[in-house]
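Asks: Just to be clear, the model below is a prediction. Sequence and coordinates:
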Amino acid sequence: MESLDGEIVLLHPACNIIIYSNQTGAIIWQLCNGQRSVEEIIEILGAAYPGSRAEIAVDAPKTIQMLVSHGALTTK
Amino acid sequence: MSTRLTGGRQVPFGGNCVRISSDSPAIFNALAAHFRHCSAETGRVIAQYHITAITETCFSISVDGSVFYPELTFEQVLWSLMQDGITRLNGTCVTDPIFHAAALENAGSGVILCGQSGSGKSSLAAWLLTSGFRYLTDEVITYAVESGQISGLARSLILKRGSAFIWQHWLGEAERDGFLRFTNGSAWIDPLLLNVDGICTQTTPRLLFFPHYTPDTSFRVTKLSPAEALFRLLQTLVNARNLADTGMKAAACLVRRVTAYSLDYSDIESATAWIKQA
């Protein structure tokens, strides 16, 4: 992973996958520590950005699903 | 056939080189002419090509003594060597990242045009050459992290049939040294035919473009964040598997040192005009 100005690029060399994520996606990815649920991540982001709770509730699961579908995250 | 030429021509890039010899003077001279600006540096010889003339019009290519392509025309020999040689040089470089990109120099600063085949980088490079830019390559660059310099494989420009308007505009139809036209409509062009002072061996990059040619599209330039540029740049990294961290750190270092743009265009004059003023 390389972080540049708050955005990230993830490289999975074995699978030849490259993922770019903006600052919001970068924060979400960094919150995915293997312990937190999707709901907990939404709660943390909502507390940090209380004016954007509705958007976060929609966008965060989409971002996590994107990261899962590209192999950057696994679910358990 | 004619006497076997000894010595041959070395084509170095990325710390290695391929060596080409031929018993056909026509083929040897064509290859020597269109690789003549490749740097004088040498390196480990990773492949020795020899072209044998079977008849006046039929040739074979051997690599390290084994016949690789048995029966080829004159044109097929040139294209096969160009493609295979560059592939081997890219695949054996273990020191620096190699990106699929054209590169030029202007007023001491490097301009990288990064993209896959068909993105228009060779056409833009040719047009920029006629505007006074100097040529590093239209195909692949290496980036040395410590020095911050890029260098390129300075083969002749290769313009496809769709870019014939460029050489028709600047060179006309006349035969001349350093200008080789193929039956498929493409052409190999010595960059000095487009700019007599047009060769540069290495430079410090300042601008990184990701051009995308689409017919009838509106001209559009978008500034990219460093992460967006890195994402695109990594897709053009051709020797990732040879590098310790798959080239990620070196590529990130490069994007931190340049300003990056995506460039969607259909009109080459608008695109080159924008690059010149950037």
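Replies: Happy to help now that I have it.
Asks: count of residues packed around residue B:63?
Replies: 17 (other Cβ atoms under 10 Å in any protein chain shown). (Glycine included, C-beta is placed from N, CA and C.)
Asks: before we move on, what about residue B:181?
Replies: When counting by other Cβ under 10 Å, one arrives at 16 neighbours for residue B:181.
Asks: contacting residues for the residue nearest to it when sequence neighbours are not counted?
Replies: Of all residues not flanking residue B:181 in the chain, residue B:187 sits nearest, at 4.8 Å (Cβ to Cβ, 6 or more residues apart in numbering or on different chains). Counting by Cβ atoms under 8 Å, 6 or more residues apart in numbering or on different chains, residue B:187 touches B:158-159, B:164, B:167, B:179-181.
Asks: and the gap between residue B:187 and chain A?
Replies: 34 Å (Cβ to the nearest Cβ, to the nearest Å).
Asks: Just the local confidence number for that residue, please.
Replies: In the prediction, the pLDDT value recorded for residue B:187 is 96.
Asks: and if you look at residue B:139?
Replies: pLDDT, residue B:139: 96.
Asks: Leaving out the residues flanking it, which one is nearest to it?
Replies: Leaving aside its chain neighbours, residue B:139 sits nearest to residue B:153 (5.7 Å; criterion: Cβ to Cβ, 6+ apart).
Asks: Please go through chain A and pick out the longest helix.
Replies: Assignment by DSSP state H gives helix A:53-69 as the longest helix of chain A.
Asks: could you pull out the strands for chain A?
Replies: Per DSSP state E, chain A carries strands over the ranges A:2-4, A:7-12, A:17-21.
Asks: Note down every partner strand of the second one and its orientation.
Replies: Meaning strand A:7-12. Strand A:7-12 has the following sheet partners, assigned by DSSP bridges: strand A:2-4 (antiparallel), strand A:17-21 (antiparallel).
Asks: mean pLDDT lowest for which of the ones you listed?
Replies: Lowest mean pLDDT within the strands paired with strand A:7-12: strand A:17-21, a mean of 90.
Asks: Alongside chain B, which residues does chain A contribute?
Replies: Residues of chain A lying close to chain B by Cβ under 8 Å from any Cβ of the partner chain are A:2-5, A:7-9, A:11, A:13, A:18-22.
Asks: swap the cut-off to 6 Å and go again
Replies: A:2, A:4-5, A:7, A:9, A:11, A:13, A:18, A:20 (Cβ under 6 Å from any Cβ of the partner chain).
Asks: still on that earlier bit, restricted to helices, list the contacts of residue B:187.
Replies: Reading helices off these with DSSP H, I get B:164, B:167.
Asks: So which of the contacts of residue B:187 wins on neighbours?
Replies: Counting neighbours by other Cβ under 10 Å, the top entry in the contacts of residue B:187 is residue B:159, with 22 neighbours.
Asks: List the contacts of it.
Replies: Residue B:159 makes contacts with B:122, B:166, B:187, as judged by Cβ atoms under 6 Å, 6 or more residues apart in numbering or on different chains.
Asks: separation between the residue lying closest to it once chain neighbours are set aside and residue B:157?
Replies: Of all residues not flanking residue B:159 in the chain, residue B:187 sits nearest, at 5.2 Å (Cβ to Cβ, 6+ apart). When distance is defined by Cβ to Cβ, to the nearest Å, residue B:187 is 8 Å away from residue B:157.
Asks: Would you mind measuring from the nearest residue to residue B:58 once chain neighbours are set aside to chain A?
Replies: Distances taken as Cβ to Cβ, 6+ apart put residue B:71 closest to residue B:58, at 5.6 Å, once the chain neighbours are dropped. According to Cβ to the nearest Cβ, residue B:71 and chain A sit 35 Å apart.
Asks: Quickly find the element holding residue B:71.
Replies: Per DSSP states H and E: residue B:71 is located in strand B:66-72.
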